[in-house]
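Q: Only the shape, not the letters, is given here:
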């Protein structure tokens, strides 16, 4: 039997940022302080994905919490979605009232578009939240692949843009830099990440 090609070998991953060890971002992850609490509602299928940027966003955001959707342990904490002043980052749905104060908590769905759509249909608390909709990303946004939705971007990019909209570009800049660095490292290394 022939040995497995090194291109097909599984590369060891960082247990914290989930990238291959030679691409590890842990030393580059900033500590970003926001007034707005970011509640990342992560689909259970996203946890082990090497492309999962929601986990990296959670590491960078001091005022954040990550809940897992689709696991028994995450469902017990879904009451956090009903806290007053909670908005949902999502491209359509009920916008906040024009006179509404900024959110105290922003729910960010960390999932594929189809998973996110199902989450908003199945989690009753999400359906009633005011929505923060971001404009589609600029053509120059660094990406690893084309999104399946016109407003599509990585969770880390979406969080950076939402923080910029709510708290200013200066607060969001470390998150945007981290997202760009992640894409740059992976792109420089080719497809093996």
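A: In hand now; what should we look at? Everything numeric in this text was worked out from a predicted model, so none of it was measured. Numbering: from 1, shown residues only.

Q: Next, give phi and psi for the residue most central in space within the chain.
A: What sits nearest the mean C-alpha location of the chain, by CA atoms, centre = their mean, is residue 155, with 2.5 Å. The phi/psi pair for residue 155 (degrees, to the nearest 10) reads phi -60, psi -40.

Q: That one contacts residue 53, doesn't it?
A: Yes - Residue 155 lies in contact with residue 53 (CB atoms under 8 Å); the separation is 4.7 Å. Every C-beta, even on glycine, is put in place using the N, C-alpha and C of the backbone.

Q: shared neighbours of those two, anything?
A: residue 110 (CB atoms under 8 Å, 6 or more residues apart in numbering).

Q: Provide a list of residue ranges in the protein with pLDDT below threshold.
A: 1-10, 71-76, 139-152, 190-193 (pLDDT under 70).

Q: show me where it has strands.
A: Per DSSP state E, the chain carries strands over the ranges 37-43, 64-69, 86-89, 105-110, 131-132.

Q: between the ones you listed, which one is nearest to residue 187?
A: strand 105-110 (21.7 Å; CB to CB).

Q: Quick one: list the elements packing against the closest one.
A: Other helices and strands packing on strand 105-110, by 3 or more CB pairs under 8 Å, 6 or more residues apart in numbering; DSSP states H and E, are strand 37-43, helix 54-60, strand 86-89, helix 113-122, helix 155-167.

Q: Identify all contacting residues around the third one.
A: Going back to what we said before, that points to strand 86-89. With CB under 8 Å, 6+ apart, strand 86-89 has contacts from 39, 80, 96, 103-109, 120, 126, 129-132, 134, 158-159, 162.

Q: Give me whichever of the strands of the chain is most buried.
A: Burial of the strands of the chain is given as mean neighbour count (mean count of other CB atoms under 10 Å); strand 105-110 ranks first at a mean of 26.

Q: and the angle from that one to strand 37-43?
A: 30 degrees (axes from the mean of the first three to the mean of the last three CA atoms, to 10 degrees).

Q: and the gap between the residue lying closest to residue 181 once chain neighbours are set aside and residue 156?
A: Sequence neighbours aside, residue 28 is the residue nearest to residue 181 in space, at 5.9 Å (criterion: CB to CB, 6 or more residues apart in numbering). Noted for residue 28: a distance of 12 Å to residue 156, by CB to CB, to the nearest Å.

Q: Looking at the two, which is more packed in?
A: When residue 28 and residue 156 are compared on other CB atoms under 10 Å, the one with more neighbours turns out to be residue 156, at 25 against 15.

Q: Would you tell me which helix is longest in the chain?
A: Identified as the longest helix of the chain according to DSSP state H is helix 169-189.

Q: list the buried ones in that helix?
A: Using 16 or more other CB atoms under 10 Å as the test for burial, helix 169-189 gives 171, 172, 174, 175, 176, 178, 179, 182, 183, 185, 186.
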